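1. I need the structure of the sequence given here:
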Amino acid sequence: MISVVSTVESIPRSTGTPAPSFYQRIRKVLTRDLLVTLALGQVLSLLICAISLISKYLANDFHANTPVFQSFLNYILLFLVYTTTLAVRQGEGNLLAILKQRWWKYMILGFIDIEANYLALKAYQHTTLSSVQLLDCFVIPVVLLLSWFFLLVRYKAVHFVGVGLCLLGIGCMVGADILLGRQQGFGEQKLFGDLLVLGGATLYGISNVCEEFIVKNLSRVEFLGMMGLFGSFFSGIQLAIMEHKELLKVPWDWQIGLLYVGFSAFMFILYSFMPVVVKRTSATSVNLSLLTADLYSLFCGLFLFHYKFSGLYLLSFFVIILGLILYSSSSTYVAQDPRVYKQFRNTGSQPATNPPQLSPGVLEPSVTFTNLGTELGDEQPVRVA
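-> So this is what the prediction gives:
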């Protein structure tokens, strides 16, 4: 008995797993994948910042009101790189094979993308830079709704809290602008410019959701090649109709030429890099990351335009980053319906080596995906009828 008692007393009172420390919890959330995702989003934000500043310079300092021409240069670059790549491919990834299967869908998407760029760039001529950046947040609810109904993405409460924090950060930035007197309007033109921003944001949301579906289920090169083909075609027509006189009014010199070259280069890099980030995360996550572009523009304005500094700018930046971390800390999931995959894909041309297709009454397996590419929790796939 004595030995038994001695043995019992020698056993530690707590044999379970100790509670994780605060540092361990932070490490569990701030994984390498999450940090890489945040970094990729900030690269996109810096590209957006550069594009916005160049557009503002062209419109205000050089009176070069050529939004269609600016987009046309980008689509030409996409055509030369990606459309020609599709043209030399063999098999189902060939340009002619893609056009034969779904040309009219890419034509509509290309037109939407062109008009989104046109409205966004045109708005810089009629409203303030801060107003453009604020109202452009309208793309987020558009992407959320379209992802819910068409991509069947399902969100949790933590995702909506993260989105709310990101929008709160933008509110802090706008509050700082008002306190510093930077929200000076353009009169009636400002209202028109604000409407242009809202229209452009709506079209951007549609384009981004379609982009997410294509790059995750078809091909990044296919998406960019089709944008280059139809984008250059439609923007060329719109340029000839609407802006041929504006091009003649541009006071061409080396500075303006350099701005156009810089704009085209940044736009091309943005278009080429964004599908990579969208495939890794989602259209919603990417648009939340782009909110920090507003802050980068303001920080640049401190040196370029001698803006006044406010501590609310730093607060806004940290609130947005916190919202991004919170949004990305939990995975979304897809309540998958096989009809989604038939919107762009021609299932009748699959090779014979593929597994047999499911009968009409049987659903495909659900797919669970996360914003980070790996699960942080014990998320279970969901299947809906």
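2. which outside residues touch stretch 222-240?
-> Applying C-beta atoms under 8 Å, 6 or more residues apart in numbering, the external contacts of stretch 222-240 come out as 68-69, 71-72, 74-83, 85-86, 93, 95, 98, 106-107, 109-111, 113-114, 118, 211, 214-215, 271-272, 275. C-beta coordinates here come from the backbone N, C-alpha and C atoms, glycine included.
3. Filter these down to the ones in helices?
-> Using DSSP state H, the subset of these located in helices is 68-69, 71-72, 74-78, 85-86, 95, 98, 106-107, 109-111, 113-114, 118, 211, 214-215, 271-272, 275.
4. re the thing from before, and the contacts of stretch 222-240, which of them are buried?
-> Listed as buried from the contacts of stretch 222-240 are 68-69, 71-72, 74-79, 81-83, 85-86, 95, 98, 106-107, 109-111, 113-114, 118, 211, 214-215, 271-272, 275; burial here means 16 or more other C-beta atoms under 10 Å.
5. State the mean pLDDT of whichever helix or strand Asp33 is part of.
-> When elements are assigned from DSSP states H and E, Asp33 belongs to helix 32-56. Helix 32-56 shows a mean pLDDT of 87 in the predicted model.
6. now it, how far from the centre of its chain.
-> Its chain's C-alpha centre and that of helix 32-56 lie 10 Å apart, by C-alpha atoms, centre = their mean, to the nearest Å.
7. For it, enumerate the helices and strands it packs against.
-> Contacts defined by 3 or more C-beta pairs under 8 Å, 6 or more residues apart in numbering; DSSP states H and E place helix 32-56 against helix 129-135, helix 254-280, helix 283-289, helix 292-304, helix 311-328.
8. Those helices: which one's closest to Leu38?
-> Checking those against Leu38 by C-beta to C-beta gives helix 311-328 as the closest, at 6.1 Å.
9. what element comes up after the closest one heading to the C-terminus?
-> Remark: after helix 311-328, the chain's next helix or strand is strand 333-334, criterion DSSP H and E.
10. Count the residues that sit near Tyr57.
-> By other C-beta atoms under 10 Å, 18 other residues sit near Tyr57.
11. Once you drop chain neighbours, what's closest to it?
-> Distances taken as C-beta to C-beta, 6 or more residues apart in numbering place Leu259 nearest to Tyr57, at 6.1 Å, with adjacent residues excluded.
12. same question, Gly262
-> The spatially closest residue to Gly262, leaving aside those adjacent along the chain, is Ile54, at 5.7 Å (C-beta to C-beta, 6+ apart).
13. What's the separation between the one you found and Val81?
-> Distance from Ile54 to Val81, counting by C-beta to C-beta, to the nearest Å: 21 Å.
14. so Phe192 touches His126, yeah?
-> Yes - here Phe192 reaches His126: they are 5.2 Å apart, a contact under C-beta atoms under 8 Å.
15. which of the two has more neighbours?
-> His126 (21 against 15).
16. does the more buried one count as helix, strand or coil?
-> Recorded secondary structure, His126: coil (DSSP: H, G, I helix; E, B strand; the rest coil).
17. ok, back up a step: didn't the residue nearest to Tyr57 look like it was pressed against Leu53?
-> No - using C-beta under 8 Å, Leu259 makes no contact with Leu53, being 9.8 Å away.
18. Common neighbours of the two, please.
-> Counting by C-beta under 8 Å, 6+ apart, nothing touches both Leu259 and Leu53.
19. Next, the contact list for Phe69, please.
-> Applying C-beta under 8 Å, 6+ apart, we find Phe69 in contact with 239, 243, 246-247.
20. swap in Ala116?
-> Residues counted as contacts of Ala116 (C-beta under 8 Å, 6+ apart) are 200, 203-204, 206-207.
21. Try it again at 6 Å.
-> The contact partners of Ala116, by C-beta atoms under 6 Å, 6 or more residues apart in numbering, come to 200, 203-204, 207.
22. Same question for Leu198.
-> Taking C-beta under 6 Å, 6+ apart, one finds 135, 138 in contact with Leu198.
23. Mean confidence (pLDDT) on the helix or strand hosting it, please.
-> Using DSSP H and E, Leu198 sits within helix 188-217. Average pLDDT, helix 188-217: 87.
24. CA atoms only: put stretch 77-84 into CSV for me.
-> Output of stretch 77-84 as CSV, limited to C-alpha atoms (Å, rounded to 0.1, in the frame of the first residue of the first chain):
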residue,chain,number,x,y,z
LEU,A,77,0.8,44.3,-74.3
LEU,A,78,-1.5,41.5,-73.1
PHE,A,79,-2.2,40.6,-76.7
LEU,A,80,1.4,40.5,-77.7
VAL,A,81,2.4,38.3,-74.8
TYR,A,82,-0.5,36.0,-73.8
THR,A,83,-2.7,35.9,-76.9
THR,A,84,0.3,35.0,-79.1
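25. Alright, calling it a day.
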